Structure formats: structure tokens, C-alpha cells
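S.K.: with the sequence up front, the predicted model follows.
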Amino acid sequence: MRTFFKSKRIILILSLIVLFSFFVRVWRIDKVPPSLFGDELDVGYQAYSILKTGKDYSGRMIPLQFRSFTEYRTPLYLYSAVPTVAVFGITPLGVRLPAVFFGVCGVIAIYLLVSEITGSKVLGTLSSLLLAVSPWHIHYSRAGFEVTLLLSLFIFGLYFFLRGLRSPQWFIPSAVFLVLTPWAYSTAQLYLPLTIFFLLILWSRNIFRPKAKGYVLISGLIFLFISIPYAWSTYFGGGTDRFSSLSIFNNPVMEGSVGEKRFEDGLMLPLISKIGLDRVFHNKYVFFLDEFGKNYIKTFSTEFLFLSGDGNPRHNSSGTGELYTIEAVLLLIGLHFLYKANIDKRKKWLVVILLLTASIPSSLTIDGSNHATRLILLLIPLTIIVSYGLYGLCEVVLQRYKKVLIVLIALSYLASFVSYQHFYWIHFPLATEKSWQYGWQQVVNEAMKYSGQYQRVIISSHSSPAYLYFLAWSQYSPVLYQRQKDFNTVDVVGFGKARQIGNVYFPLEDQGYNLYNVSSVLDKDTLYVVPFDEFKLDLIKEPMRLPLDLSLVQTVKYLSGEPAFYFITKK
């Protein structure tokens, strides 16, 4: 293997890997995933608002925390989308191209980091190849998620830190990259302090040696200069609301669970309750530790890593686990070869610490045991260890079997990758069309067309925030929206309070209408746009189910041909 990876070939091979990674991340990005979903549309409209007004769509000038309709969002990815939205508009290209770019940067960064840790460009190249074909990484590089940005910043930060141990001027870019990670994704708000703590423990003597003190001071000042405004905005500007709502410390089932356990203690052994031991065995602290422990252990389960992955269809596009099945074996072998590796023990400990701590922030959240987005930093040590397993296995095999082993491993990876790609391009769009909220672009385009033919177009918000979708897909003027947002709620007969844009209305609450009573609140001048889930009737297969006093103006279909939305009016 070493003879193949001669230094002159490294650049060529790495260049091919980077080009390949770009291709698999950008090809048909406007088609798969099948549509921009709500969070991506929010990114697009926030970026569009910054582009047109210098404010987020809620009206705050150059914010450090973007306020959306439901939560506060970290700013870095949204700002990075401004140039692409300026060129391509609020489209898949406009919203997703930054993720592609940061994904490719991650492939380059892992090469640099692993080469620095191991002193081997061969291992660095293997790591970049593994990340380039990783289903976990490819998926997040093809959608408007912030985590490929987080991953790239974190890897570059670690790389420059390790370089700084030899040449302290590199501590400065390390500080910049690392301090920007909380600006990219909220996981880093918890994980960055933990990372810095362990880096200080491992390399405090190197960091604070006389030669490095000046650079460390500059790095520290830069770190504070960048972090203090964002920390202030986060903790006093609503940025912690999201974590508070997801934290195991605010789990709504906690009180009921603890109370039930105490009741069972008293029922089965009253003495326990009488002397107060039920409160020792069952309390909120025991509950929190139990939830954290379960989440933490499940993260390393074969179910998450190799079999099913994240159950959210927007977080997993492989049809299996987050890693390839072959990597289960290579992971175990890699741990052995990492232990045996002839490198600085502190660098070994760094990889192990990353492996053991990367899941801590996610484990503190209610559904954090298999949340691939919040667990993205775990991909770093997993990739490093699998690389060691692949490299070490090929190095220890007898020369006569080496080529055979390399071919077998290559074929296994090729078969896994082809299988993943088949699922991704053929089955994934159909299986997840509803989760990616396919059809809303067509709904908005048709609603705008019909708004000139009807006095009112009412778009149901039964299962999705139709208002945001309309703003984004129509690229409604942020200037107009910011002027009107506090005054655009009106009463619509039969639908209650609704937001209004022109003669298009978005009811704030679901009124519970079905196909057979909705005619009581419609007239021939009102067009009602309703998702299939609200009526739960397939009017394509069963057109006779449509009441005689209603007219089906148009049907928007999913990719599968099933009905997604109906445009209905009264005859």
C-alpha cells in the first residue's frame, strides 16, 4: 500500500478524491432530496431577507441569532447562504450549495488532521476517501443543514492546534476556527469548552512554553473577541431556548415517571416509602442520569451505527446505518492498531477522547441517542479509527495475500457504495417525499396563479407552516413582510384568525373540517388548498367521493403519483 501512495501520487489521488466528493454531493442536488423542507426554506428566506434588507425576516439588523417562526438559529450557515441565494434564489441550489462546499472542505480537512496526527499521508488519504464516500457525510452535504460547516470548522481547528504545538503561530487560525463552531451549530456550545479542557490537559506544557506565550495570548484575545458577543446573544437573546426545550432536564415525562416508580415502591414494600427510601431511588437526578446513560450507550449501538441509523427520514438516506456494515469489523481492528500505533500517546488519547465525548451533547437531549445531526462530530474519530483498521489490516497481511485482501476490501466498499447510491437515487426520494414536504413549491406557484381568479385563496396549515412556505417559495419581498408582519392577521369567516398576504390567507388554527362539511364555509369565489392528510381521501382513485356541491380545481401529486394537495371550491 505504501508503494502505491508515494508522495507524488498523493496530490493526484487527493485531488481525485476531492473532485469525486464534490460530484457525489452536487449532482442533481435540485432533485434529491426531493424538495426543500421547512428548515431549509427558513434558511433561504432568512438569507434572502439579509440580502434585501440587511435584517432577518423578523426585522433585526445583522443578527447574531436568527429568529425564525419557531426557534432561534445559529447564524453562520445562514450568512454563508446569502451569496448563493443572491445568484440562484430560494432554490435547492441557493440553499444547499454552501453545505456542498463545506462538505468538500471536510474531506480536505480530515486529510490534513489525520496526516498530522499519524504522520502518515497514506492514512490521511484513506481518511479523506472514507469521508468522501460516507453515507452520513454525503447526506448532510446535500441538504441545507449546518453540521457540515460545524464539522469542517472543528476539524480545521484541531489540525491547526496540532500544528501549533510545533509552530505556535498556528494557534491563531486554530482559535478562529474553533471559536466559530458555536456560530455554526448549537452542539458546539456544549462541546467546545469540553474540547478545550482536554486539549489543555493533554498539551498544557506545549501550549504555555515561553516560545508560544505571545501567540497563545493573541489567540486567546481573538477567541474572546469573537466568542463574547455570540455568548451574550445566545444566553440573553433567546439562543438557549432550543436546548431548553430538548434537554433531558426538561423532559415532560420526568415527573410522571418518578411518581409512578415511587407509587410502585409504596405498593409493593410500604416500608420503603415510610422511611423515605423511595425518594432516594427515584428522583429527578436519578432520572436524568438514567436518560443520559441510555442515550450515551445507544449511540454506540450496532442499531444506530450499522443497521438502521437515525429514524428521521430527513437525517438518514442510506436505508441502513450511518456507516457501512464492513466498517463494523474495521472499527474493531482499528482500535487495536490505534493502540499499537507508533505515535505520540497524547494524540492517541485525543482520538479516544473524541470518540468517548463527541456524543455527550446529544445524549443530554431527549431524542439524542440516535440523532445523526447532533452526533455529527462522532464521525471524526470513527473515520480515523476505521482508517487505522483498513491500513493496519493491509500492512500485517503476508505479502502474497495483500493484493487479494486489498481487492476484497475495495470490492466490499464498492458494493456498499453502489447499494447506497441505488437506494439514494431510486428509493429514497419516493420513501421520504412527505418528510421533505414535496409539493409545496407547486402549491405556492399555483396559488399565486389562482389568486388572480378568486377573491380569496385559503391555504390550510393543517400539517405544515404554510405561511413560511409561501413567503420562501414565492420570494415575497422581505421589505413588505417586515412592514406588514405585525398587522397582517385578520378574521376569515369560518376559519378564524389568519395571516394575510394579498388575497391569500393562512389560518392560524386547524378548524377540523372534512370533505363533507367544508362546503359550509366556502363559496364560488373562495379557493381552498388542503393537504391530503386533512381529508384523507384519494380523489384521484375515487373521484365519486367528492360532494356534488364542490369542485376539484386541481390536484398536486407526490412523486409517487399519490395526491398531496387538493384545490377545492364551491360550485
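M.R.: Right, received. Where do you want to start? Numbering: from 1, shown residues only.
S.K.: pLDDT weak spots in this protein?
M.R.: Low-confidence segments of the chain (pLDDT under 70): 1-7, 236-244, 398-399, 486-487.
S.K.: domain-wise, how is it divided?
M.R.: Listed domain ranges for the chain are 37-90, 250-282, 440-570 (source: automatic domain parsing).
S.K.: residues contacting Asn295?
M.R.: Ile248, Ser359, Ser362, Ser363, Leu364, Thr365, Gly368, Ser369 (C-beta atoms under 8 Å, 6 or more residues apart in numbering). (Each C-beta comes from the backbone N, C-alpha and C, glycine too.)
S.K.: the last one: neighbour count?
M.R.: To tie it back to what came earlier, the one meant is Ser369. 23 (other C-beta atoms under 10 Å).
S.K.: tell me which stretches of the stretch 101-250 of the chain form helices.
M.R.: Here the stretch 101-250 of the chain has its helices, by DSSP state H, counting those that start in this stretch, at 121-132, 135-141, 147-164, 171-184, 187-207, 213-236, 241-246.
S.K.: now the ones you listed as JSON lines including distance to Asp344 and mean neighbour count?
M.R.: Shown next, in JSON lines, are these (distance: least, C-beta to C-beta, whole Å; neighbours: other C-beta atoms under 10 Å):
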{"stretch": "helix 121-132", "distance to Asp344": "14", "mean neighbour count": "25"}
{"stretch": "helix 135-141", "distance to Asp344": "27", "mean neighbour count": "26"}
{"stretch": "helix 147-164", "distance to Asp344": "10", "mean neighbour count": "25"}
{"stretch": "helix 171-184", "distance to Asp344": "17", "mean neighbour count": "22"}
{"stretch": "helix 187-207", "distance to Asp344": "9", "mean neighbour count": "17"}
{"stretch": "helix 213-236", "distance to Asp344": "20", "mean neighbour count": "15"}
{"stretch": "helix 241-246", "distance to Asp344": "35", "mean neighbour count": "15"}
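S.K.: where does Leu527 fall, helix, sheet strand or coil?
M.R.: Assigned with DSSP: H, G, I helix; E, B strand; the rest coil, Leu527 falls in the strand class.
S.K.: can you count the residues close to it?
M.R.: Neighbours of Leu527 (other C-beta under 10 Å): 26.
S.K.: phi and psi next, for the residue located most distally from the centre of the chain.
M.R.: What lies farthest from the middle of the chain is Leu271; by C-alpha atoms, centre = their mean that is 49.3 Å. When quoted as degrees, to the nearest 10, the phi and psi of Leu271 stand at phi -60, psi -30.
S.K.: would you mark the buried spots in the helix or strand that contains Val43?
M.R.: Using DSSP states H and E, Val43 maps to helix 38-53. By 16 or more other C-beta atoms under 10 Å, the buried positions in helix 38-53 come out as 38-50, 52-53.
S.K.: what separates it from the chain centre, distance-wise?
M.R.: 17 Å (C-alpha atoms, centre = their mean, to the nearest Å).
S.K.: contacts for that helix next, please.
M.R.: 36, 55-57, 62, 66, 68-69, 73, 77-79, 81-82, 84-86, 89-91, 94-96, 143-145, 437, 464-465, 468-469, 471-473, 475, 477-479, 481-482.
S.K.: inside helices: which ones of the residues you listed?
M.R.: 77-79, 81-82, 84-86, 94-96, 468-469, 471-473, 478-479, 481-482 (DSSP state H).
S.K.: now secondary structure and distance to Ile222 too, for the contacts of Asn295, in JSON lines please.
M.R.: As requested, the contacts of Asn295 are exported to JSON lines (DSSP: H, G, I helix; E, B strand; the rest coil; distance: C-beta to C-beta, whole Å):
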{"residue": "Ile248", "secondary structure": "helix", "distance to Ile222": "34"}
{"residue": "Ser359", "secondary structure": "coil", "distance to Ile222": "29"}
{"residue": "Ser362", "secondary structure": "helix", "distance to Ile222": "29"}
{"residue": "Ser363", "secondary structure": "helix", "distance to Ile222": "31"}
{"residue": "Leu364", "secondary structure": "coil", "distance to Ile222": "29"}
{"residue": "Thr365", "secondary structure": "strand", "distance to Ile222": "30"}
{"residue": "Gly368", "secondary structure": "helix", "distance to Ile222": "32"}
{"residue": "Ser369", "secondary structure": "helix", "distance to Ile222": "36"}
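S.K.: farthest pair in the residues you listed?
M.R.: Farthest-apart pair in the contacts of Asn295 is Ile248 and Ser359; separation 13.5 Å (C-beta to C-beta).
S.K.: the more surrounded of the two?
M.R.: A count of neighbours by other C-beta under 10 Å puts Ser359 above the other of Ile248 and Ser359, at 23 against 20.
S.K.: which residue packs closest to the more buried one, ignoring adjacent ones?
M.R.: Among residues not flanking Ser359 along the chain, Thr299 sits closest, at 4.2 Å (C-beta to C-beta, 6 or more residues apart in numbering).
S.K.: hang on, isn't the one you found packed against Ser363?
M.R.: Yes: between Thr299 and Ser363 there is a contact under C-beta atoms under 8 Å: 6.7 Å.
S.K.: got any residues that touch both of those two?
M.R.: Joint contacts of Thr299 and Ser363 (C-beta under 8 Å, 6+ apart) are Ser369.
S.K.: what comes into contact with stretch 201-210?
M.R.: Leu165, Phe171, Leu199, Leu200, Ala212, Val216, Arg346, Trp349, Leu350.
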